[in-house]
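Can you look at this prediction? I've put the sequence above it.
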Amino acid sequence: MRYRIGATRLAVGVLLAAAPIASAAEPAPAPERPMPDKSIAFYVGKNRTASGATMLGGFGHEPSSHWTEIVPRRQHPPGSTITVGATGEADLPGRLTEIPQVPETAKYITSNYSEFAGFPAPLTNGGLNEHQVAARDVWSDSRPELVEMTPPGQTGPNYSDLSRIAMERARSAREAVEILGRLIDEHGYTTYGGNSHLFADENEGWVFIEFAGGQGMWAAERLGPDDVRVSYPGYIGDFPTDHQRDPDHLGSANLVDFAVRQGWWDPDSGEPFNLQEVYGTPFPGHPGRSTPDDEAPWRHPPTLEQELRALGEVTLTDMQRMVRDPRWSDDRAGYGHVAELRDDLPHPDLATLWVANTAAITAPYIPFHIGAATVPPEYSQHRYLTSGAAADYLDPEYAAQEATRSATYLSKRLMYYTCDRPEVFLSEVTRAFEGFEARIMADVEEVERRAAEAYREGRDERARALLTEWSGDWAMEGLALTEHLVEDVEARTKERFGIREPEVEVPPGVTARPRSLDMSLPEDAVAARDRVHCDLGGGWAEGTTVDRKGQAGDPDAVPDYRAADEREQGFPWPPVVGAAVGGLLVGAAVMFFVRRRA
């Protein structure tokens, strides 16, 4: 997640006040108050999955609107450029510049969003492209001294530019980091304080870190088929100082020398060159069991990696549960992505990204194949949470699109009801979505078989139409299920509890009721549990993901969300009865006038 609020600068100020420039062995201490947890990503190598496919899952944390888009492959005329960077409105001010576009960009599936101060929209954190390269963008705070070094008017691609360019150009996970490294070397990097990316393909993964400071520093580490990695934040540990000759590591030319010049690492100390210690900040959590006064251990990436390894052979459902887990899937989670990257695809168009339109805690995963052409308009951009929506009128060109039900808004409504009483509603909402997704998984093999057959016969357009229709139909079924759950949970909330009055203080002299006051989360609320969330204290309402290993979704747990529609489409008793009564009245009136005339 990237914040416009002053939380980042506050943390920097606390760190700088608490510790002068230190050596790598003494990294800047953690802030005195809890840091906000942000976006997350999970990588599991193919040797650790039940299907033999590489898996990558996660989401971004942004408060703005989100929507799903399938971006087509495009050709660009010679001399085409793209605008990159940030404006002076960013927390770390930048300047927009132009860099060359490539002649052809790849097709990809992504979740876009509309707002991050100073960074032009639409913004993206990655997704899945037609070459089966998956990407996740994850925060990775650079040490405060580097943030302070960042020059005003910085130029070069920002985090979103890099994510989008990787999707447009990369044919493998390694090529993604090579492309981004060259871009930073040539054009610089516009930072908001440090960032990372996690790339994967059917064979391997790569972690890519971009450091703040305006020095053009970056580093990348390969993840093999036996590896597990949780980016929360994105990190790299021990790093070879001769990385130019190491096939498993890549980095900028100044990566080691700069640390030596700053006194942050001593090559004669005998200590390893650990990038997290030298250039990063301490993990927001720590290993071991927490006490009520400590931050939860699940905020410590190595601890979460142990949890993933404890699953044994990870299944698609396991990964979906990790992304959906209420420990982090809440009001800050903009969407949910899970990619299962297979090396046995009968056609590249069958590569699939499972997308939850907003936080997966209260949204169904819908699989979109690369071969699909588009998503239903209900899953496209709407003005809910979109910058400027409260100040400007709607462009008439978007009237019909805006008039459709917003999948994101429906899932947010379900979240706010469910998380207001998670002990009552979370378990059944989770079972409903997992059962719904089990039905999709039971159906996906058949549609992929039919599409593969069409591709073999040279009927590519028929195959793509089939994939588009199939995903679109399931997306609309997911919307109907979500709407049913919203109506059900809303009715039961009102019946059992009522809609509670907000417990906020009315300022002196104000006559408005609490319901009419500012609904925004206070800027100083940066604790881990400040936002709307469904966490009951131990992760899942029915146990952690590890505890639920092997429990597949139950299709029978899905409520009969079509029952109301079917009743409405059954025999039309009210119209028939009305017509009959009307006929009798008309007949009686006619007989009255006939008799009177006689």
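Happy to help now that I have it.

remind me which residues of the protein are low pLDDT?
The chain contains residues with pLDDT under 70 at 1-37, 285-298, 524-529, 538-548, 563-598.

rerun at 80
1-37, 284-299, 522-530, 537-551, 563-598 (pLDDT under 80).

Which stretches in it count as helices?
Shown for the chain, the helices assigned by DSSP state H span residues 7-18, 144-149, 159-169, 173-187, 255-262, 275-279, 301-310, 316-324, 399-403, 407-420, 422-456, 460-496, 563-569, 573-597.

Next, format these as CSV and append mean neighbour count.
No exception for glycine: its C-beta is placed from N, CA and C like everyone else's. As requested, the helices of the chain are exported to CSV (neighbours: other CB atoms under 10 Å):
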stretch, mean neighbour count
helix 7-18, 17
helix 144-149, 21
helix 159-169, 25
helix 173-187, 20
helix 255-262, 18
helix 275-279, 25
helix 301-310, 18
helix 316-324, 25
helix 399-403, 12
helix 407-420, 23
helix 422-456, 18
helix 460-496, 18
helix 563-569, 10
helix 573-597, 9
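
Find the residue closest to G153 in space, skipping its chain neighbours.
Nearest residue to G153 in three dimensions, chain neighbours excluded: R95, at 4.8 Å (CB to CB, 6 or more residues apart in numbering).

how close does the one you found sit to L180?
According to CB to CB, to the nearest Å, R95 stands 20 Å off from L180.

Repeat that for V314.
27 Å.

quick one on the thing from earlier: in a markdown table: the helices of the chain, plus distance to T124.
As requested, the helices of the chain are exported to a markdown table (distance: least, CB to CB, whole Å):
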| stretch | distance to T124 |
| --- | --- |
| helix 7-18 | 21 |
| helix 144-149 | 24 |
| helix 159-169 | 5 |
| helix 173-187 | 14 |
| helix 255-262 | 27 |
| helix 275-279 | 25 |
| helix 301-310 | 23 |
| helix 316-324 | 17 |
| helix 399-403 | 19 |
| helix 407-420 | 16 |
| helix 422-456 | 24 |
| helix 460-496 | 20 |
| helix 563-569 | 35 |
| helix 573-597 | 49 |
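
residue ranges for the strands of the stretch 201-350 of the chain, please.
Counting by DSSP state E, counting those that start in this stretch, the segments of the stretch 201-350 of the chain that form strands are 205-210, 218-223, 228-231, 249-251, 336-341.

and P120, how many neighbours?
P120 has 15 neighbours, counted by other CB atoms under 10 Å.

now it: how far from P396?
Distance from P120 to P396, by CB to CB: 24 Å.

Could you do S64 as well?
Shown here: S64 relative to P396, a distance of 23 Å by CB to CB.

Same question for R299.
Distance, R299 to P396, by CB to CB: 47 Å.

Show me which of these two is the more surrounded one.
More neighbours surround R299 than the other of R299 and P396, with 22 against 8 (other CB under 10 Å).

The more buried one touches V230, doesn't it?
No: the criterion here is CB atoms under 8 Å, and R299 misses it with V230 at 10.5 Å.

if I pick the residue lying closest to M441 once chain neighbours are set aside, what's in contact with it?
Nearest residue to M441, sequence neighbours excluded (CB to CB, 6+ apart): L316, at 7.2 Å. Residues near L316 by CB atoms under 8 Å, 6 or more residues apart in numbering: 51, 55, 338, 340, 354, 441.

what about the fifth one, how many neighbours?
Think W354. For W354, the count of nearby residues is 24 (other CB under 10 Å).

same check, this time on the second one
By the criterion of other CB under 10 Å, M55 has 29 neighbours.

what's across from it in the sheet?
Beta bridges link M55 to V44, E340, judged by DSSP bridges.

The fifth one now?
Beta bridges link W354 to V338, P367 when assigned by DSSP bridges.

Surely it and P364 touch.
No: between W354 and P364 there is no contact under CB under 8 Å: 9.6 Å.

Tell me who's in contact with the residue lying closest to P100 once chain neighbours are set aside.
Leaving aside its chain neighbours, P100 sits nearest to T81 (5.8 Å; criterion: CB to CB, 6+ apart). By CB under 8 Å, 6+ apart, the residues touching T81 are 98-101.

Likewise for N254?
Here N254 is in contact with 215-217 (criterion: CB under 8 Å, 6+ apart).

Using PDB, write out the CA atom coordinates for stretch 304-324.
C-alpha atoms of stretch 304-324 as PDB (Å, rounded to 0.1, in the frame of the first residue of the first chain):
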ATOM      1  CA  LEU A 304       4.600 -16.800   7.400                       C
ATOM      2  CA  GLU A 305       6.900 -18.800   5.200                       C
ATOM      3  CA  GLN A 306       7.100 -21.500   7.800                       C
ATOM      4  CA  GLU A 307       3.300 -21.500   7.700                       C
ATOM      5  CA  LEU A 308       3.300 -22.000   4.000                       C
ATOM      6  CA  ARG A 309       5.800 -24.900   4.200                       C
ATOM      7  CA  ALA A 310       3.700 -26.500   6.900                       C
ATOM      8  CA  LEU A 311       0.900 -26.900   4.300                       C
ATOM      9  CA  GLY A 312       3.000 -29.600   2.500                       C
ATOM     10  CA  GLU A 313       1.900 -29.700  -1.100                       C
ATOM     11  CA  VAL A 314       0.100 -26.400  -1.600                       C
ATOM     12  CA  THR A 315      -3.200 -26.500  -3.500                       C
ATOM     13  CA  LEU A 316      -5.000 -23.700  -5.400                       C
ATOM     14  CA  THR A 317      -7.500 -23.600  -2.500                       C
ATOM     15  CA  ASP A 318      -4.700 -23.200   0.000                       C
ATOM     16  CA  MET A 319      -3.300 -20.200  -1.800                       C
ATOM     17  CA  GLN A 320      -6.700 -18.700  -2.200                       C
ATOM     18  CA  ARG A 321      -7.200 -19.000   1.500                       C
ATOM     19  CA  MET A 322      -3.800 -17.400   2.300                       C
ATOM     20  CA  VAL A 323      -4.800 -14.400   0.200                       C
ATOM     21  CA  ARG A 324      -8.300 -14.300   1.700                       C
END
